[in-house]
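Colleague: okay, sequence plus prediction incoming.
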Amino acid sequence: MHRILRPLGRPVTYARWLHLVIPMAFVAIWLFIDMERAWVVGLLVVPLGLIPAVRLEEGIQAQLLLTPRERGRPDASITVAPAATWRDRWRTVLWLEARLVMAGLAMMTTVWLPSTAADLIARGFGGPPVVFGWMASLPSGRWWLIPLALVPLAVMLACVVLAGNVITFIARALLGPSAGERLTALEERTELLLERNRIAREIHDSIGHALTVAVVQAGAARAAGDPAFTDRALAAIEETGRAALEDLERVLLVLRETGLPASQRPTLLEADRLIESARGSGAAVEAELSGALELVPGPVSREGYRILQEALTNVLRHSGPVPVRIRMAVLGRRLEMDVTNPLSGPAPGGKGGSGLRGIRERAALLGGEAQTGAHDGEWRVRVRLPLDTLI
């Protein structure tokens, strides 16, 4: 019993009912103008729903009254944005039509069921029906008609809960994020998780290492009591601290850039900026870019930029300013990228560090593959990303 009555104690139940009856104000104005052609209201909302801003207004209202707990959340089931495509506009039109139908049903329920209860009570006390004349056929003055009036009232309360759930379901279906909006949200969340993991690895590998070295060197210098050793220890601490500050600045740069919307983040069209930056660090970069990079889908282009950035960063960090060859091409329905550089020492064992792991993770999320490792005396990062899965 408590489970059945629980929805009646929730404020959202009555907020949804308020949302249901709001359109009746618009209908009442039209009925004041022309009561015989109420169906015209359904035609008037068609051009209204085609206005992009109407979807924004309806989304705000629906999110506020139908799903208040989701308000302001990035994963809200009802989007708050103007219509960006014609499909979104027609979905808004369908939503407005559904609101009118549901509002009409809500008003009939609100009027008819309480009126039925009032007539039953009136007949129970022996009086004439107040609203529905056909109830005059009911026996007059029968006491059992009075408690029977609770039935339409209970049905009305059940309709309040049910209609609220139905209009919320319709709102999520018609005002929910489009396929493009869901893809953008998924991309932004994926990017955020990748960058968080990357930052955690960077802080652990770089900053943690630097602090450990500084603590060990400082402790050894204090224990040695040798001025010459102390000078060397301080120089090592200085060098390690400077490198750590550079790594920290790079991590903070990533944090600042992550705050940008996905559509404003760098793409492969800005790959020249990365190449020039690597050249400015002393590396001799030979780049060969071919194919229509401007036709690469946004998610692939943005992740491809990050992969190239990480590959060049790894070259400079582990091999220094060595010659680097970059080959990037759009071939059919895939993007191919190869970054190679000569090995300055023995090839690292295992699967590489956190940067290489991040490259493989990015490629896997897009349905592609990435291979990293030694090849013919060189270190190679080879990436293949499909394009047709996102077009």
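Modeller: Arrived safely.
Colleague: give me phi/psi at residue 380?
Modeller: phi -130, psi 140 (degrees, to the nearest 10).
Colleague: now it: closest residue in space that isn't a chain neighbour?
Modeller: Nearest residue to residue 380 in three dimensions, chain neighbours excluded: residue 340, at 4.6 Å (CB to CB, 6 or more residues apart in numbering). In this view, the C-beta of every residue, glycine as well, is placed from N, C-alpha and C.
Colleague: and the one you found, which of the three is it?
Modeller: Put simply, residue 340 is strand when judged by DSSP: H, G, I helix; E, B strand; the rest coil.
Colleague: distance check, it against residue 200.
Modeller: Distance from residue 340 to residue 200, counting by CB to CB, to the nearest Å: 29 Å.
Colleague: now do residue 90
Modeller: In terms of CB to CB, residue 90 sits 44 Å off from residue 200.
Colleague: and the two? Which one has more around it.
Modeller: Neighbour comparison, residue 90 and residue 200: the larger count goes to residue 90, with 15 against 12 (by other CB atoms under 10 Å).
Colleague: quick check: which element contains that one?
Modeller: If you go by DSSP states H and E, residue 90 is part of helix 86-124.
Colleague: buried set for that helix?
Modeller: Residues of helix 86-124 classed as buried: 88-89, 91-93, 95-100, 102-104, 106-107, 109-110, 113, 115-124 (neighbour count, 16 or more other CB atoms under 10 Å).
Colleague: ok, stretch 232-244 next?
Modeller: Residues 233, 236, 237, 240, 244 are the ones in stretch 232-244 that count as buried (16+ other CB under 10 Å).
Colleague: just the pLDDT for residue 151.
Modeller: Looking at residue 151, its pLDDT stands at 89.
Colleague: over to the one 3 residues further on?
Modeller: Here, the pLDDT recorded for residue 154 equals 88.
Colleague: buried stuff in whichever strand or helix holds it?
Modeller: Taking DSSP H and E as the definition, one finds residue 154 inside helix 150-174. For helix 150-174, the neighbour count (16+ other CB under 10 Å) marks 152, 156, 159-161, 163-164, 166-168, 170-172, 174 as buried.
Colleague: stretch 307-318 now?
Modeller: By neighbour count with 16+ other CB under 10 Å, stretch 307-318 contains the buried residues 307, 308, 309, 310, 311, 312, 313, 314, 315, 316, 318.
Colleague: okay, and which of those residues map to helices?
Modeller: Applying DSSP state H to these, the entries found in helices are 307, 308, 309, 310, 311, 312, 313, 314, 315, 316, 318.
Colleague: neighbours of the closest residue to the third one other than its chain neighbours, just the number please.
Modeller: Translated: residue 309. Leaving aside its sequence neighbours, residue 309 sits nearest to residue 274 (CB to CB, 6+ apart; 5.6 Å). Residue 274: 20 surrounding residues under other CB under 10 Å.
Colleague: surely residue 274 meets residue 312?
Modeller: Yes: with contacts counted by CB atoms under 8 Å, residue 274 reaches residue 312, the gap being 5.9 Å.
Colleague: the stretch 251-391 of the chain: strands as residue ranges?
Modeller: Using DSSP state E, counting those that start in this stretch, the strands found in the stretch 251-391 of the chain span residues 285-290, 324-331, 334-342, 369-375, 378-386.
Colleague: would CSV of those with mean neighbour count be doable?
Modeller: Listed next are the strands of the stretch 251-391 of the chain as CSV, based on neighbours: other CB atoms under 10 Å:
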stretch, mean neighbour count
strand 285-290, 14
strand 324-331, 18
strand 334-342, 20
strand 369-375, 16
strand 378-386, 21
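Colleague: rebuild those as CSV, extending it with mean pLDDT and distance to residue 18.
Modeller: CSV is the format used below for those (pLDDT from 0 to 100; distance: least, CB to CB, whole Å):
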stretch, mean pLDDT, distance to residue 18
strand 285-290, 88, 58
strand 324-331, 91, 53
strand 334-342, 91, 51
strand 369-375, 87, 53
strand 378-386, 91, 48
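Colleague: distance to residue 186 for the ones you listed - can I get that in a markdown table?
Modeller: Formatted as a markdown table, the strands of the stretch 251-391 of the chain follow (distance: least, CB to CB, whole Å):
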| stretch | distance to residue 186 |
| --- | --- |
| strand 285-290 | 28 |
| strand 324-331 | 23 |
| strand 334-342 | 19 |
| strand 369-375 | 20 |
| strand 378-386 | 16 |
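Colleague: out of those strands, nearest to residue 29?
Modeller: Checking those against residue 29 by CB to CB gives strand 378-386 as the closest, at 54.2 Å.
Colleague: angle of that closest one against strand 334-342?
Modeller: Interaxial angle, strand 378-386 versus strand 334-342 (axes from the mean of the first three to the mean of the last three CA atoms, to 10 degrees): 170 degrees.
Colleague: who touches strand 378-386?
Modeller: 300, 303-304, 307, 311, 314-315, 319, 333-343, 347, 356, 359, 363, 366-374 (CB atoms under 8 Å, 6 or more residues apart in numbering).
Colleague: what pairs with that strand, parallel or antiparallel?
Modeller: In the sheet, strand 378-386 lines up against strand 334-342 (antiparallel), strand 369-375 (antiparallel) (DSSP bridges).
Colleague: against residue 290, how distant is residue 340?
Modeller: Look at residue 340 and residue 290: by CB to CB, they are 17 Å apart.
Colleague: per-residue confidence at residue 97?
Modeller: You'll see residue 97 listed with a pLDDT of 91.
Colleague: now do the contacts for it.
Modeller: 42, 45.
Colleague: that one and residue 46: what is the separation?
Modeller: In terms of CB to CB, residue 97 sits 8 Å off from residue 46.
Colleague: again, but for residue 130
Modeller: 39 Å.
Colleague: show me the domain layout of this protein.
Modeller: Domain segmentation of the chain under automatic domain parsing yields 2-177, 180-264, 266-391.
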